[in-house]
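S.K.: how would this look folded up:
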Amino acid sequence: MTRKVYMQIEEMLELVRKAVEYMQDLSEEEYNRMSCGLKEDLKYTIETINIELLGSPEVCFYRPDDPEAQGEETGGRERAAVQYICWLDKITQVLKKQYHAKNIWEERFVRLMDRVQYVDTDMMTEEVKASLMRREKADIDSLCAYYQRFHYMWGTLDVAKDQYDVIINRVTALKEHREDFIWLYDQLEDERSRLVLVNMLYNWVTFDFNYIIRMKEANFTDYFDLDLVRCDEEEVLVDLGAWAGDSTLDYIQTYGKYKKIYCYEINGSSMEAMKKNLDGYPDIEFRNKGAGNKNGTGYIAGSSDSCCSKLADYDTGKAIELVRLDDDINEKVTLIKMDIEGAEQDALLGAARHIREEKPKLLISVYHNNEDIWKIPRMIKDMAVDYQLYLRSNGSQWGPAEILLIAVAENQIDR
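M.R.: Numbers count the residues shown, from 1 in each chain. The predicted model follows:
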């Protein structure tokens, strides 16, 4: 917020203060004669400031349609004055917090977290729907098709059928986990990471594609940020969700050296393609298994030729061996990459010993639902508090996707 805007809002707040004082000083006859116009002026000014600072005309600490706020009962003027003063105190705190943010992206994050706190769920949901409907029709149709295709991640979106699960789920996630998002913002180690988080959340509530474009990285390959991920000839890489070997090839072409690579993939046809693509590279072990928090049998959902095959929690008729990395790999692991369609939390739990004792670099997809973005960082910090957390985005889809959490121990980053 610029100083000019801050001062303009301060001037508007001062007008409200003076109007409330004036209202309190009026005689009963004067108040009865002037209250209607006075209350309308106050309502307009308050809603203008609410929209500017919280993105909504109505907030939980001021209800313009409350009869007590309108002074329509005996003693209503006093109660209205109390509510105006309460609003002034609270909105002044909001204003100062936003003004003192260190940069525009922190200001936007603070503003969104304030909005989540002070705008009720139904109101915020309707405002997000309105943001969606301001998009071009062709874009709305594409968004609906995208979210219907990936409904198992975030919920469906079908304007024609009045289905807004995506919006409801994300508003609910913001409301219920506001403190978790604030915790994550504070834990992130650089401004690039915070930029990813803020733009992701603003796309959640606006469907504005500019936020996705703004957070996309283009400097390195999808997983291997050379500022953060340092590798050498002693590297033992575990590639979970290795698909056709693309990320393993990226690793080899980026660093050129390693000790051992383990490639895990549940899709049989992808496994065969991977073996061909990585033919000739030494010390690579191919494991047609799923990674989880237990050893046993899992089941595959998705077609056999899909890059989005995932583990199901029911019998699909397509069984796969399920293993804990702590049991399946005995040697020291130095790098774990995970992109396994929502099974990342279970796989992390199954690798807890490796993580606690060996502190491997972790490259984990955190976009397959609405909770991984904060929950997986908390899980990692619970396992080993000295991990440093970074976010990067490598996608340009219709919604925030290909968001990567990079977690590295303090001694693995050169300062």
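
S.K.: drop to CA atoms for contacts and neighbour counts, all remaining ones
M.R.: Fine.

S.K.: Now stretch 396-404: average pLDDT?
M.R.: Stretch 396-404 shows an average pLDDT of 90 in the prediction.

S.K.: whoops, stretch 60-73 was the one
M.R.: Here stretch 60-73 scores 61 as its mean pLDDT.

S.K.: Just the strands from the stretch 101-250 of the chain, written as ranges.
M.R.: When assigned using DSSP state E, counting those that start in this stretch, the strands of the stretch 101-250 of the chain occupy the ranges 236-240.

S.K.: Show me where it dips below the pLDDT cut-off.
M.R.: Within the stretch 101-250 of the chain, no stretch has pLDDT under 70.

S.K.: Next, the contact list for Trp62, please.
M.R.: Not quite, residue 62 is Tyr, not Trp. Shown in contact with Tyr62 (CA atoms under 8 Å, 6 or more residues apart in numbering): Gln83, Tyr84, Trp87.

S.K.: what helix or strand is the last one on?
M.R.: When you say that, I think you mean Trp87. Per DSSP states H and E: Trp87 is located in helix 76-99.

S.K.: Can you list the neighbours in contact with that helix?
M.R.: 1-2, 6, 13, 16-17, 20, 24, 50, 53, 61-62, 68-71, 107-108, 110-111, 114.

S.K.: Run through the residues that contact Leu240.
M.R.: Here Leu240 is in contact with Cys263, Tyr264, Glu265, Ala291, Ile336, Lys337, Met338, Asp339, Ile340 (CA under 8 Å, 6+ apart).

S.K.: Note down every partner strand of whichever helix or strand the fifth one is part of and its orientation.
M.R.: Remark: Ile336 resides in strand 335-338, with elements defined by DSSP H and E. Note on strand 335-338: by DSSP bridges, its sheet partners are strand 236-240 (parallel), strand 361-365 (parallel).

S.K.: how about those strands in JSON lines, adding distance to Val128?
M.R.: Below are the strands paired with strand 335-338 laid out as JSON lines (distance: least, CA to CA, whole Å):
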{"stretch": "strand 236-240", "distance to Val128": "35"}
{"stretch": "strand 361-365", "distance to Val128": "26"}
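
S.K.: Relative to Asp190, which of these is closest?
M.R.: Closest approach to Asp190 among the strands paired with strand 335-338 is made by strand 361-365 (16.4 Å; CA to CA).

S.K.: in stretch 18-26, what counts as buried?
M.R.: Neighbour-count burial for stretch 18-26, counted by 16 or more other CA atoms under 10 Å, picks out Ala19, Val20, Met23.

S.K.: where does the helix holding Trp87 sit relative to the chain's centre, distance-wise?
M.R.: How far helix 76-99 lies from its chain's middle: 30 Å, per CA atoms, centre = their mean, to the nearest Å.

S.K.: quick one: buried residues of that helix?
M.R.: 77, 79-81, 83-85, 87-88, 91, 94-95, 98-99.

S.K.: Among those, which one sits closest to Ser270?
M.R.: Gln98 (49.0 Å).

S.K.: mind checking pLDDT for the closest one?
M.R.: Per-residue confidence (pLDDT) for Gln98: 96.

S.K.: same check, this time on Lys39
M.R.: Note on Lys39: pLDDT of 87.

S.K.: what's the helix ranked longest in the chain packed up against?
M.R.: Across the chain, the longest stretch assigned as helix under DSSP state H is helix 28-54. Helix 28-54 is packed against helix 3-25, helix 76-99, helix 104-118, with contacts defined by 3 or more CA pairs under 8 Å, 6 or more residues apart in numbering; DSSP states H and E.

S.K.: now the buried residues of stretch 18-26 in JSON lines, with distance to Leu348 and pLDDT?
M.R.: Below are the buried residues of stretch 18-26 laid out as JSON lines (distance: CA to CA, whole Å; pLDDT from 0 to 100):
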{"residue": "Ala19", "distance to Leu348": "58", "pLDDT": "91"}
{"residue": "Val20", "distance to Leu348": "57", "pLDDT": "91"}
{"residue": "Met23", "distance to Leu348": "61", "pLDDT": "85"}
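
S.K.: Out of those, which comes closest to Leu322?
M.R.: Proximity of the buried residues of stretch 18-26 to Leu322, judged by CA to CA, is greatest for Val20, which lies at 66.9 Å.

S.K.: give the contact list for that closest one.
M.R.: Shown in contact with Val20 (CA under 8 Å, 6+ apart): Ala81, Tyr84, Ile85.

S.K.: Would you format these as TSV with distance to Ile252 and pLDDT included?
M.R.: TSV is the format used below for the contacts of Val20 (distance: CA to CA, whole Å; pLDDT from 0 to 100):
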residue	distance to Ile252	pLDDT
Ala81	69	87
Tyr84	64	92
Ile85	64	93
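
S.K.: could you check the distance from Asp315 over to Val408?
M.R.: Using CA to CA, to the nearest Å, Asp315 is found at 36 Å from Val408.

S.K.: can you pull the pLDDT of His368?
M.R.: pLDDT, read off for His368, is 95.

S.K.: tell me the phi and psi of it?
M.R.: Dihedral pair for His368: phi -80, psi 0, per degrees, to the nearest 10.

S.K.: isn't it right up against Met153?
M.R.: Yes: here His368 lies in contact with Met153, judged by CA atoms under 8 Å, at a distance of 5.4 Å.

S.K.: May I see the buried residues of the helix or strand hosting Glu272?
M.R.: Element membership for Glu272, per DSSP H and E: helix 268-277. By neighbour count on 16+ other CA under 10 Å, the buried set for helix 268-277 is Ser270, Met271, Glu272, Met274, Lys275.
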